[in-house]
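> The sequence and its predicted three-dimensional model are supplied below.
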Amino acid sequence: MNFFRSVLMIFFFFLWLGGYCAFPADFLMASEGEFVYDSRDRRDPFIPLVGPGSLHVSDAPSFRLEDIKLEGIVEDPKGGSFIMVDGEVYNEGEKIGPYSIEKIKEKQVTFEYNGKRSYVQMTEE
């Protein structure tokens, strides 16, 4: 009985060893740079909540729609409209913080966030 058990253990050892050699660890692991995570305005689950590289709640930016101060609007009926906010130029479809620029009109910009539309008026100073 001991002989049969020893042969069986040796058989499974070589079976395991052969499987390991046939499928090296590099085959099972993703290479660096292959995967890009699209967070879609949600927290990236690959960034730790605590420890090195974590984003603490106190460090998180608190960006509100009221923080957007329009400095200028250029409306182009053919689709080349853009706005200027804090010296930066943005086109329709781009994002400012979590807000997506949906539509640019002569004196108003429509923003979208989580399916909700908000409007910012151009003020003259």
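Great, that's in hand. Numbers count the residues shown, from 1 in each chain.

> CA atoms for contacts and neighbours, from now on please.
Will do.

> Run a quick neighbour tally on residue 117.
By other CA atoms under 10 Å, 13 other residues sit near residue 117.

> Quick check: phi and psi at it.
Dihedral pair for residue 117: phi -90, psi 140, per degrees, to the nearest 10.

> partners of the closest residue to it other than its chain neighbours in the sheet?
Closest residue in space to residue 117, ignoring its immediate chain neighbours: residue 111 at 5.7 Å, by CA to CA, 6 or more residues apart in numbering. Beta-bridge pairing for residue 111 (DSSP bridges): residue 101, residue 118.

> and residue 111, what does it touch?
By CA atoms under 8 Å, 6 or more residues apart in numbering, residue 111 lies in contact with 99, 100, 101, 102, 103, 117, 118, 119, 120.

> per-residue confidence for the second one?
Meaning residue 100. pLDDT, residue 100: 91.

> just residue 74 next, same as before
For residue 74, pLDDT reads 91.

> I figured it hits residue 83, correct?
Yes. With contact defined as CA atoms under 8 Å, residue 74 reaches residue 83; the gap is 6.2 Å.

> between those two, which one's more packed in?
Shown here are residue 74 and residue 83; by other CA under 10 Å, residue 83 has more neighbours (21 against 15).

> can you pull the contacts of that one?
With CA under 8 Å, 6+ apart, residue 83 has these contacts: 70, 71, 72, 73, 74, 89, 90, 91, 104.

> hmm, which of these are the buried ones?
The neighbour-count test (16 or more other CA atoms under 10 Å) marks 70, 72, 73, 90, 91, 104 as buried among these.

> okay but the third one is in contact with residue 92, surely?
No. Taking contact to mean CA under 8 Å, the distance of 11.5 Å between residue 73 and residue 92 leaves them out of contact.
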